[in-house]
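>>> I would like the atomic coordinates for the input below:
(one chain, ligands or ions: 2)
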Amino acid sequence: MPEIRFPDIPLYKGWGEPMRSESTIEGLELIEGAIPAGLEGTLYRLGADRQYPSGRTDDIFIDGEGMFHMFRFHDGQVDYRSRWVETTRYKLQKKARRSLFGRYRNRYTNDPSVEGVHMGTGNTTAMFHAGKLFALKEDDLPYEIDPDTLETRAQDDFDGQFKAQTFTAHPKVDPITNELLAFSYQAKGDATKDVAFYLFDKDRKLVNEVWFEAPYAACVHDFAITDEWIVFPFFPLITDLDVVKQGGPFYQWHPDQEVHVALVPRYGTAEGIRWFKGPAASAGHMMNAVHEGSKVHLDLCFYSGNCFPFFTTPAGETSPTVPPILTRLTFDLEANGDGYTQTPLLRVPCEMPRTDDRYQGRPYRYGFMIVYRAADGSSAIGRIDHETGELTTWAPGPGDAVQECQFVPRSPDAPEGDGWLIMPVSRVSKNRSDLAILDAQNLEAGPVALLKLPVKVRSTFHGTWVPAETLASGAYPYKLTEAA
Ligand code: V55
Ligand code: FE
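Numbers count the residues shown, from 1 in each chain. Ligands and ions are numbered 1, 2, ... in the order given. Just a heads-up that it's a prediction; the model follows:
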């Protein structure tokens, strides 16, 4: 049988050491505080692990087979479970007992035995819509996941309604209307410029579909929504099919190219698209967008250069590391010209922005994110109040890090931001994790409950909270209420 040996690279050292195992823990140990009464539901999160070493030294952290995690809150206890996403890739490798797929999204580096097999990893986020749970990766169609056992079911194309080849890992499920807003980029295959916006109703019925062409075959990791306009940013991390065919990187950074932003009419057609432009810059994640009269504001963790320095320029130059700064880009539909303005909202770098998702696409006050400001690599969870500009934080301690947080309203009709923030905490020096629950209005008081995991939750990317009643009914019970 093939030898299993991971390469000696920083990616697989320390916290990044592959975990490669599935866990079931019935009843996590409560080490601080008390689980809030009435908190009933499941936090699903998804991340990458490594089933087998790829035999390469150019693996990157956004690659690797999906590991689905769930924390189920029921009757005063929390159960934890983690399972591989059993993609086609996973199953073939399991059988071969070795890696068969090569460089990130580069099919030309795969083992000849898997020619024509999709290399999707299902590693980026959990989506729950209309009673179904999915594992998403932006280069592939969704895999359905059993919400109780985490067993992988079939891939899903919305009964043939979803015609594009790829499905974003940053869809927006509106927990008020139960609609699903999603998109596809490189929608007709690797390096194609085709983009498609999809709007589905609460029953997975297609409401609108808008196809258009991007200026280049960009990495479109996330988008943002408003009531009338859907915001698609295109950053110059570009796929060149010839480079990919030669075994090269899937994206290259083009500092000489501009950022292009499309405002797509939510209920309109491609004829109604408005385009804006700005100097080269990039981002992975959007916090939210706000439609205000003739203006659309996009709040995002904005890098003044390349957000992925491991993707070099075509000449092979590595970009300087630039911090992600929470920034508001403003597009004025009535202005002459096609520029936009940039306003920084915070001084400290931050990533993995979240909101009270009842306010996605609506005027909003609070944002939540991971704040980076310590030299020891530790991080804090933060809340920005856009009304006052104030930042409040909680840090788990020296050397320890928080993962992306999840906001859970205190009750279906609680005011914006009134509820809990739940997140895995990486106890790096102990090589294991905690699950922290904080009062979202009082982060500085520290966790209201801290649960201990005897195992490591290797870094996850994104996730979602599904209330117990939503798991049963398929629909979110949430309402919008004015703040007191
Ligand atoms: C990102 C993440 C991905 C990916 C492409 O954060 C971009 C950005 C976790 O996978 O495949
Ligand atoms: Fe992401």
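>>> find the nearest non-adjacent residue to the residue of the stretch 251-400 of the chain at minimum distance from ligand 1, please.
Nearest residue of the stretch 251-400 of the chain to ligand 1: Gly284, at 3.7 Å (CB to the nearest ligand atom). For glycine as for every other residue, the C-beta is placed from the backbone atoms N, C-alpha and C. Leaving aside its sequence neighbours, Gly284 sits nearest to His221 (CB to CB, 6 or more residues apart in numbering; 5.1 Å).
>>> separation between that neighbour and Val322?
To Val322, His221 is 17 Å away according to CB to CB, to the nearest Å.
>>> in terms of neighbours, single out the busier of these two.
Shown here are His221 and Val322; by other CB atoms under 10 Å, His221 has more neighbours (22 against 16).
>>> buried ones in the longest helix anywhere in the chain?
Taking DSSP state H as the criterion, the chain has its longest helix at helix 88-96. For helix 88-96, burial by neighbour count (16 or more other CB atoms under 10 Å) applies to 88-90, 93.
>>> which outside residues touch it?
2, 51-52, 65-66, 84, 99-101, 113-114, 117-121 (CB atoms under 8 Å, 6 or more residues apart in numbering).
>>> can you confirm the residue nearest to Gly284 is in a strand?
No - counting by DSSP: H, G, I helix; E, B strand; the rest coil, one finds His221 to be coil, located in no strand.
>>> for the contacts of helix 88-96, which one is nearest ligand 1?
Closest approach to ligand 1 among those (CB to the nearest ligand atom): Thr121, at 8.1 Å.
>>> so the residue of the stretch 251-400 of the chain closest to ligand 1 versus Asp299, what's the distance?
Noted for Gly284: a distance of 14 Å to Asp299, by CB to CB.
>>> same question, Gly377
For Gly377, the distance to Asp299 (CB to CB) stands at 26 Å.
>>> which one's more surrounded, those two?
Set Gly377 next to Asp299 and count neighbours by other CB under 10 Å: Asp299 wins out with 23 against 14.
>>> His221 against Ser282, yeah?
No - using CB atoms under 8 Å, His221 is not in contact with Ser282, being 9.5 Å away.
>>> who in the stretch 1-150 of the chain is up against ligand 1?
For the stretch 1-150 of the chain, the residues in contact with ligand 1 (CB under 6 Å from any ligand atom) are 62, 123-124, 138.
>>> now Pro2. Nearest residue, chain neighbours left out?
Arg98 (4.2 Å).
>>> is it true that the one you found touches Tyr52?
Yes - counting by CB under 8 Å, Arg98 does reach Tyr52; the two are 5.1 Å apart.
>>> joint contacts of these two?
2, 4.
>>> these two: which has the busier surroundings?
With other CB under 10 Å as the criterion, Arg98 and Tyr52 differ in neighbour count, and Tyr52 comes out ahead with 20 against 17.
>>> confirm that one sits in a strand?
No - using three-state DSSP, the secondary structure at Tyr52 is coil, not a strand.
>>> please report the distance of it from Pro279.
For Tyr52, the distance to Pro279 - CB to CB - is 42 Å.
>>> and for Ile422?
Ile422 sits 38 Å away from Pro279, going by CB to CB.
>>> now do the contacts for the closest residue to Arg50 other than its chain neighbours.
Nearest non-adjacent residue to Arg50, counting by CB to CB, 6+ apart: Pro18, 4.1 Å away. Residues near Pro18 by CB under 8 Å, 6+ apart: 6, 12, 49-50, 64, 458.
>>> mind redoing it with 7 Å?
If you count contacts by CB atoms under 7 Å, 6 or more residues apart in numbering, Pro18 has them with 6, 12, 49-50.
>>> just these now: which is nearest ligand 1?
Nearest to ligand 1 among those is Asp49, at 12.2 Å by CB to the nearest ligand atom.
>>> for the stretch 351-484 of the chain, what lies in contact range of ligand 1?
So far as CB under 6 Å from any ligand atom goes, the stretch 351-484 of the chain lies against ligand 1 at Phe461.
>>> so Pro424 is in contact with Leu435, correct?
Yes - counting by CB atoms under 7 Å, Pro424 touches Leu435, with 5.8 Å between them.
>>> name the residue in these two with the higher neighbour count.
The neighbour comparison of Pro424 against Leu435 (other CB under 10 Å) goes to Pro424, with 29 against 22.
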